[in-house]
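In: Sharing a model prediction with you, sequence too.
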Amino acid sequence: MARRGKKYLAAKAKVDTTKRYSVDEAIQKVLETHWANFDESVDAAIVLGVDPRKADQNVRGSVVLPHGTGKPVKVLVIAKGEKVKEAEEAGADYVGGEEMVEKIQKEGWLDFDKVVATPDMMGLVGRLGRILGPRGLMPNAKTGTVTFDVAKAVKDIKAGKVDFRVDKAGVVHAPIGRVSFGPQKLKENFAALMETIYRLKPASSKGTYVKSVALSTTMGPGVKVDTSELKNLAAA
């Protein structure tokens with residue numbers, strides 16, 4: 001494991017690792033322990049009581065954060081016909097059909113953050129599985145990126161839509177904003193994320209669903225959150 005620097009260790013010393021903080025306290029603590037000289041992302045790590053190896057417990061979804069992520073997102077739309085104009089008018093950064101697929105295949109072009117495709121183009125897009133899949137860029141109907149409603153898809157992504165998926169260890173990682181957002185916007189974004197997580201609880205998941213939650217900045221230490229108040233936060 002890489003050695004941590006003095007600034008990280010000083011920040012970590014401010015966090016009681018045995019304590020589970022209230023949501024307000026946790027967010028405040030995360031902001032207090034931010035030390036990098038850039039506007040760090042604030043992220044949530046949510047440990048779920050699911051078995052990701054079982055298809056019916058593979059928690060996956062998306063949420064449009066009320067205040068966005070604070071990060072500009074470049075969107076590529078792969079479509080044809082009238083959907084091209086629709087995507088351009090919605091604010092897509094790049095729009096095209098087979099030529100875009102070839103550009104990615106032949107030139108290794110990857111100057112985008114999200115890909116939206118219409119269902120009739122997925123035969124072509126399927127060729128890009130090996131390139132887009134490992135990078136988490138493959139369009140998927142479950143996250144709303146395979147759709148004929150390209151305008152809504154583009155607008156949602158530009159507004160701050162976050163896709164998430166439980167990993168092999170049963171953890172969901174998702175951003176909830178940036179340090180510059182301040183506590184209230186971060187709390188509202190976090191509430192929207194947790195509401196979606198609870199809504200996606202698999203029927204076959206037994207026992208405690210949300211086992212633990214930690215918030216942190218990109219470079220900062222994790223701050224554990226008291227999970228007992230999360231359902232009320234999500235329902236607010």
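Out: Here it is on my side, so go on. Everything numeric here is computed off the predicted structure, so don't read it as measured data.
In: longest helix in the protein, by residue count?
Out: Secondary structure assigned by DSSP state H gives helix 182-199 as the longest helix of the chain.
In: got the buried residues for that helix?
Out: By neighbour count with 16 or more other C-beta atoms under 10 Å, helix 182-199 contains the buried residues 185-197. C-beta coordinates here come from the backbone N, C-alpha and C atoms, glycine included.
In: What of stretch 143-161?
Out: 143-147, 150-151, 153-158, 160-161.
In: quick one: contacts for the nearest residue to Val146 once chain neighbours are set aside?
Out: Distances taken as C-beta to C-beta, 6 or more residues apart in numbering place Pro139 nearest to Val146, at 4.7 Å, with adjacent residues excluded. Residues counted as contacts of Pro139 (C-beta atoms under 8 Å, 6 or more residues apart in numbering) are 78, 115-117, 122, 125, 132, 145-146.
In: could you say which helix or strand contains Leu76?
Out: strand 75-78 (DSSP states H and E).
In: residue ranges with poor pLDDT in the chain?
Out: 1-4 (pLDDT under 70).
In: Recalculate using a threshold of 50.
Out: 1-2 (pLDDT under 50).
In: related to what we said a few turns ago, quick one: the longest helix of the chain to chain centroid distance?
Out: 12 Å (C-alpha atoms, centre = their mean, to the nearest Å).
In: Who are the packing partners of it?
Out: The contact analysis (3 or more C-beta pairs under 8 Å, 6 or more residues apart in numbering; DSSP states H and E) places helix 182-199 against helix 23-32, strand 41-48, strand 60-64, strand 171-178, strand 210-217, helix 230-235.
In: want to throw those into a markdown table with mean neighbour count?
Out: Shown next, in a markdown table, are those (neighbours: other C-beta atoms under 10 Å):
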| stretch | mean neighbour count |
| --- | --- |
| helix 23-32 | 20 |
| strand 41-48 | 21 |
| strand 60-64 | 18 |
| strand 171-178 | 21 |
| strand 210-217 | 20 |
| helix 230-235 | 15 |
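In: quick revisit: any idea how far Gly126 is from the residue nearest to Val146?
Out: Distance of Pro139 to Gly126, given as C-beta to C-beta, to the nearest Å: 10 Å.
In: what does Asp163 give?
Out: Taking C-beta to C-beta, one finds Asp163 at 19 Å from Gly126.
In: do the same with Glu107
Out: 19 Å.
In: who's more crowded, these two?
Out: Neighbour count, other C-beta atoms under 10 Å: between Glu107 and Gly126, Gly126 has more, with 13 against 8.
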